[in-house]
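[1] Structure for the following, please:
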Amino acid sequence: MATDFEIGRVVAIDTSQVTIELNRDLKALTLSTYEDTVEVGRINSYVIIPVGARRVVAMVTRVVMTEEAELRTDKTMVALPAARRLMKATMIGTIDGGDFTQGISSFPVLDSPVLIATKEDLTAIFGGKEHTNRTPKKGVGYCISIGSSGVFQDYEIRIDPDKFFGKHAAIIGSTGSGKSCTIATIIQSILQMPEVERTRFIILDTNGEYREAFQEERNGSWVDAHPSFRCLYIPTDPSRPRDNLVIPYWFMNSNDFVRLFRASPGVQRPVLIDALTSAREGERAQDAWRSIRSDLLTEGNRILSACRGTESRDARLIRQLCDEVLKVLECPDNKDVIAEFIEHYPNITEDQIKETFKEVRDIVREGIQREGQQYERYAAIGADKRRRIEKLLMPLLGTLTARGTKRWSEGGVATADTPRYFSKTRFRDIHLEQAMSREDASMSRARDNCATMLMRIYRLFEDKRFEFLFGPTDGDWPKPAHALATFMRDILGLPSADEKRIQLSPASKENSETETEADKPRIEEGILPFYDRQRKENDKPFNIVIVDLSLLAAEVLENVTALIGRLILEFLQRAGERQVSGIERGELPVVLVLEEAQNYVRAPRSRDDESISRDVFERIAREGRKFGLGLIVASQRPSELSKTVLSQCSSFVVHRLQNPEDLRYFREIVPGIYNQLLDQLPALAPRMALVLGECVSAPALVYMREAIPTPRSKDPKFWERWIEKSPPIPDVEGVCRKWEGEDVEANQTERKSPKGEQVVD
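    Now for the predicted structure:
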């Protein structure tokens, strides 16, 4: 029976490929069997090579014809050239019994027969009509249909969702090759399966494409295109402040602030981290001792700065500063505050502080003429006096610069990374100033060195484009209760919490001990949109959350994507502690889709090229699987992507790739056995993709399933518009008004221009 399917013999073998000589009696490249008439030597088709009780499966990558002349042994004549048809195939897996597994454990030998794949073989490779191979032993199996085989149209190609999403996947292809539709159709295919109850897909949509793939507009409002989609859309449109993306600045950690404010390592970074720590620790009315510490640091640094001067007026200034400090320390009203201050710094005493400033004052009084008279004259401060003053003040200021031994804040220890609320205006006006004063104790001229960072901070705080991050430019956001929890529910598409858990409490605490949660005032609607969405009391979770980043300022794209990714990863890390969350690690699986990932997960261009989003997503690529966070990386320029992120992907859906640099880069990422298969990438048609990796039972050329509805990524119809009698004309004024930040009437879909032409928004 096997001879009916035989097409040739193995004539060469290496570690990944075989060379097959087709039978000479196979006149045409077709073979008629009792099953059907099949083509022989079709690229991407499969052949079978028996090896004992097993059958090696190889994928055809090349077919050539050569001519050889046979020399007779008596050398009296030469026969006419005979044609040899050779076929190269990449060995991709083994069929053992009725099961197909990727990889080769037993290699064929020379002259092994080569058979065309039977229907039984194809069923073992692709699976049957129903995904019946989902058993507890094998796991979920290949159950998600993504399209049909490009060679064997009767067979569907299915992927294993655990391997595809759990071990990360990359969807690669040039512009217009079908990447967006592939992402949409895979998600749609999953959601339309009757056994799927809920999913958590978070799409970072940099081009504003995906809403139309899961929602449709009806009567001026957007609704789910299919009941199972359950899609939440979060825009970044400044003209939609009531539902757009808002990420409060206090969710950022110290590294986020350092990268956003571009704080240099020398002086700016320590000052910024010190100020963040102080701001997150908060200040209370009973912490007046902090002002004593701040005054001592400020005046001490001013004295150190003045003693470096060369004029007599500098000595006069130092004496005045010492007198002011001693006046504060000796004031009876400050007795209790100073005592509390000393409790935080037990290594020094009040008398030691007083004595230090008195000695400094005495040093500058040396050489004074007509002291206390109208024309009092001070001697200039020389090197000797300067060294003596520094010797007295430096140890004191060094002690005060360090944190006190007593806990500074209640409610747990706060660090520069703790996502705890703090006032941005107090951070800018008070905590940064105090941090620079403390840094000046080391004679680092902190204020001068921090000038550029301060300019960036002031600019970002006052730029309306960044109100989604820093709040109103003329003030602070109110202090909300459960802000981080409410945001995480929103971004993960989780159902609303109990009503009392999402109310907001005021910043003051005068009545906090007597009022109940229900008595606390709620924040006004429209200030923090993620609170408004959670107030809708959604009993069912969202299956898809689309974060539309298309109108986000390019200046902060990396920072925002990194912040979202880091918050999700760190939440899932902490949620894995059952005693805290009530669930085990990995029981809340999340898929994060990175559209046009090369824009914010780019490969470093130089050794000093830093990118916070690259750092975050490389960390997710390495560690996310352990906590149930999977990545789908979509890009049209793989050569510009982080190699770490791409190399961590175990599955690839590759559409047409034409750029030689991208092709060369991609070959370095995928296993070498696929090199011959990748030669066809520049010639792939739209919707055709080469699917490789652990997610599929065998590498396959796939005609991708149609996305219904499709993303907003269709190719423009130039000719159709050119020949149209009455082409639509945009409302230029309306577009520009919205561009300029003016209000535009909502839900306005169609109007007439002054000339009677149709106008489309």
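
[2] wait, is Pro478 part of a helix?
    No: applying DSSP: H, G, I helix; E, B strand; the rest coil, one finds Pro478 to be coil, outside a helix.

[3] what about it, how many residues close to it?
    16 (other CB atoms under 10 Å). Using the backbone N, CA and C atoms, a C-beta is placed for each residue, glycine as well.

[4] Might one say that Gln434 is in contact with Ala279?
    No: the pair Gln434 / Ala279 is not scored as a contact, 9.9 Å apart, by CB atoms under 8 Å.

[5] Between the two, which is the more surrounded one?
    Legend: neighbour count by other CB under 10 Å for Gln434 and Ala279, higher for Ala279 (25 against 20).

[6] Quick check: that one touching Arg426?
    Yes: look at Ala279 against Arg426 with CB under 8 Å: they come within range, at 6.7 Å.

[7] would you list every one of the helices in the stretch 551-700 of the chain?
    557-575, 578-581, 612-627, 643-647, 660-669, 675-678 (DSSP state H, counting those that start in this stretch).

[8] To Leu115, which of those helices lies closest?
    Nearest of these to Leu115, taken as CB to CB: helix 675-678 at 20.6 Å.

[9] quick check, distance from the host helix or strand of Leu400 to the centre of its chain.
    If you go by DSSP states H and E, Leu400 is part of helix 383-401. Put simply, helix 383-401 sits 48 Å off its chain's centre (CA atoms, centre = their mean, to the nearest Å).

[10] Give the next helix or strand downstream of it.
    Once the chain leaves helix 383-401, the next helix or strand it forms, by DSSP H and E, is helix 424-426.

[11] tell me the mean pLDDT over that next one?
    Across helix 424-426, the average pLDDT comes to 90.

[12] Number the residues from 37 up from this point.
    Noted, 37 is the first residue going forward, which turns the last one into helix 460-462.

[13] buried ones in it?
    Residues of helix 460-462 classed as buried: Lys460 (neighbour count, 16 or more other CB atoms under 10 Å).

[14] element containing Val99, please.
    Short version, using DSSP H and E: Val99 is in strand 90-104.

[15] how far is the helix or strand following that strand from where the chain is centred?
    Following strand 90-104 in sequence order, the next helix or strand is strand 118-132 (DSSP H and E). Centre-to-centre, strand 118-132 and its host chain are 42 Å apart (CA atoms, centre = their mean).

[16] now stretch 509-519
    25 Å.

[17] List the buried residues in that stretch.
    Going by neighbour count (16+ other CB under 10 Å), the buried part of stretch 509-519 is Asp512, Trp513, Pro514, Lys515, Pro516, Ala517, His518, Ala519.

[18] Check the residues you listed and tell me the two furthest apart.
    Across the buried residues of stretch 509-519, the longest distance by CB to CB is 18.2 Å; it joins Asp512 and His518.

[19] Could you find the closest non-adjacent residue to Ser141?
    The spatially closest residue to Ser141, leaving aside those adjacent along the chain, is Thr130, at 6.5 Å (CB to CB, 6 or more residues apart in numbering).

[20] Let me have the helices of the stretch 587-736 of the chain in a markdown table, extended by distance to Thr221 and mean neighbour count.
    Formatted as a markdown table, the helices of the stretch 587-736 of the chain follow (distance: least, CB to CB, whole Å; neighbours: other CB atoms under 10 Å):
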| stretch | distance to Thr221 | mean neighbour count |
| --- | --- | --- |
| helix 593-611 | 24 | 21 |
| helix 614-617 | 33 | 10 |
| helix 648-663 | 24 | 20 |
| helix 679-683 | 22 | 19 |
| helix 696-705 | 22 | 15 |
| helix 711-714 | 22 | 18 |
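
[21] Tabulate those (a markdown table), appending distance to Glu498.
    Converted to a markdown table, those look like this (distance: least, CB to CB, whole Å):
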| stretch | distance to Glu498 |
| --- | --- |
| helix 593-611 | 17 |
| helix 614-617 | 39 |
| helix 648-663 | 23 |
| helix 679-683 | 35 |
| helix 696-705 | 41 |
| helix 711-714 | 51 |
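
[22] Can you say which of those helices is nearest to Gly186?
    Per CB to CB, nearest to Gly186 of the helices of the stretch 587-736 of the chain: helix 711-714, 12.2 Å.

[23] List the contacts of that closest one.
    53, 80, 95, 97-98, 124, 126, 690, 699, 702-703, 706, 726, 728, 735 (CB atoms under 8 Å, 6 or more residues apart in numbering).

[24] about what we covered before: show me the one of the helices of the stretch 587-736 of the chain that comes nearest Glu395.
    Of all the helices of the stretch 587-736 of the chain, helix 648-663 sits nearest to Glu395, with 48.1 Å by CB to CB.

[25] So which residues make contact with that closest one?
    Identification of contacts with helix 648-663 by CB under 8 Å, 6+ apart yields 202-204, 291-292, 295, 593-595, 597-598, 601-602, 605, 608-609, 611-612, 621-622, 628, 630, 633, 636-638, 640, 665-667, 678, 680-681, 684-685.

[26] Export only the CA atoms of it, formatted as CSV.
    Taking Å, rounded to 0.1, in the frame of the first residue of the first chain, the C-alpha atoms of helix 648-663 are listed here in CSV:
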residue,chain,number,x,y,z
ILE,A,648,12.2,52.9,30.0
SER,A,649,9.6,51.2,27.9
ARG,A,650,12.2,48.8,26.4
ASP,A,651,13.4,48.0,30.0
VAL,A,652,9.8,47.3,31.1
PHE,A,653,8.8,45.1,28.2
GLU,A,654,12.0,43.2,28.2
ARG,A,655,11.3,42.4,31.8
ILE,A,656,7.8,41.3,30.9
ALA,A,657,9.2,39.2,28.1
ARG,A,658,11.6,37.5,30.5
GLU,A,659,9.3,37.2,33.6
GLY,A,660,5.7,37.7,32.6
ARG,A,661,5.0,34.1,31.8
LYS,A,662,5.5,33.2,35.5
PHE,A,663,2.8,35.5,36.6
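
[27] And that helix, how far out from the chain middle?
    That offset, for helix 648-663, works out to 8 Å (CA atoms, centre = their mean).

[28] relative orientation of that helix and helix 593-611 in degrees?
    20 degrees (axes from the mean of the first three to the mean of the last three CA atoms, to 10 degrees).

[29] picking up where we left off before, which among the contacts of helix 711-714 end up buried?
    Using 16+ other CB under 10 Å, the buried ones in these are 53, 80, 95, 97, 124, 126, 690, 699, 702, 706, 726, 728, 735.

[30] Contacts only, for the first one.
    With contact taken as CB under 8 Å, 6+ apart, Gln53 is in contact with Ala94, Thr97, Lys124, Ala125, Thr126, Met127, Gln712.

[31] what sits against the fifth one?
    Think Thr126. Ser52, Gln53, Ala94, Met95, Thr97, Ile709, Tyr710, Gln712, Leu713.

[32] and the gap between the second one and Thr97?
    Pointing back at Gln53 there. Per CB to CB, to the nearest Å, Gln53 is found 8 Å from Thr97.

[33] Quick check: neighbours shared by these two?
    Counting by CB under 8 Å, 6+ apart, the contacts common to Gln53 and Thr97 are Lys124, Ala125, Thr126, Gln712.

[34] How about Gly183: which residues does it bridge to?
    Per DSSP bridges, residues listed as beta-bridge partners of Gly183: Ile193, Met740.
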